[in-house]
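Participant: what follows is a predicted structure for the sequence shown.
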Amino acid sequence: RKMEGWDLYFPTEDYEAVLEKHPIQLLIDIFSQLLRSCSDFEEANLAKPIRCIQVGYESVLSALQEAQLPDYFVTFPSVTIGCLGLAAFRRLRELRDAAGMANVGVFAEKVSVRVFGFDQLMRVRDVKADRIGQLIAIRGTVIRVGNITPLVQSMTFTCCVCEAKIEQFFSEGRYCRPSSCPAPRCVSRVFVPDRSSCRTVDFQSIKIQELLEYDDP
């Protein structure tokens, strides 16, 4: 059984496969402990939705070092951010339960975690193929900003034969229909999209020009 909130932070990832590859529970536990002292929670109005909290990189790194995973954030940033989100999801639920607000329906949304203070700067020419999927930081001037557009993460499809509902996830917003029906004995390959079920996030591209000097002004 998936842990509560999994699909909010890992919508396209197979639950069992991720658990086999990464120490998910350990990461959530250490981040849950870290977030117990997060000022964003302490100052928040629990009766209202909390969309985002901020955590310093040094605090995250210290927690990972104690768990003997010092390079995990840089090597697996998406997994680390996802586990931070799940820890925030859990922490907020604990606070609401303790305040007797468990039945107030404002906690259905994702709580995003933003990590600030990552200062391991790299030059653009040093970014090679082995850095794909890892966390890097560069310093530059934004010279062009694209429009904010919706990026579709998932959509529900209905089988035209048995009317089974299939939730399809789109990697990087690429539209892709289901290849087969998961219902027993159904061999249909024709599916109708339910566009009202789309889950989207805001997407924006920017173009930057790298600064020649890396020294602080």
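Facilitator: Nice, thanks for sending it over. All figures in this text were calculated on a predicted structure; none of them were measured in a lab.

Participant: contacting residues around the helix or strand of the chain with the lowest mean pLDDT?
Facilitator: The weakest-scoring helix or strand in the chain, judged by mean pLDDT, DSSP states H and E, is helix 39-42 (a mean of 75). Helix 39-42 is contacted by residues 35, 50, 53-54, 91-92, 95 when judged by C-beta atoms under 8 Å, 6 or more residues apart in numbering. Every C-beta, even on glycine, is put in place using the N, C-alpha and C of the backbone.

Participant: helix or strand next in line after that helix, which one?
Facilitator: The element immediately downstream of helix 39-42 (helix or strand, assigned by DSSP states H and E) is strand 52-56.

Participant: quick one: the very next helix or strand once past that next one to chain centroid distance?
Facilitator: For strand 52-56, the following helix or strand on the C-terminal side (DSSP H and E) is helix 57-66. Between the centre of helix 57-66 and the centre of its host chain there is 19 Å, according to C-alpha atoms, centre = their mean, to the nearest Å.

Participant: and helix 57-66, what's its mean pLDDT?
Facilitator: Averaging pLDDT along helix 57-66 gives 93.

Participant: tell me what that helix is packed against?
Facilitator: helix 24-35, helix 72-75, helix 77-98, strand 112-116 (3 or more C-beta pairs under 8 Å, 6 or more residues apart in numbering; DSSP states H and E).
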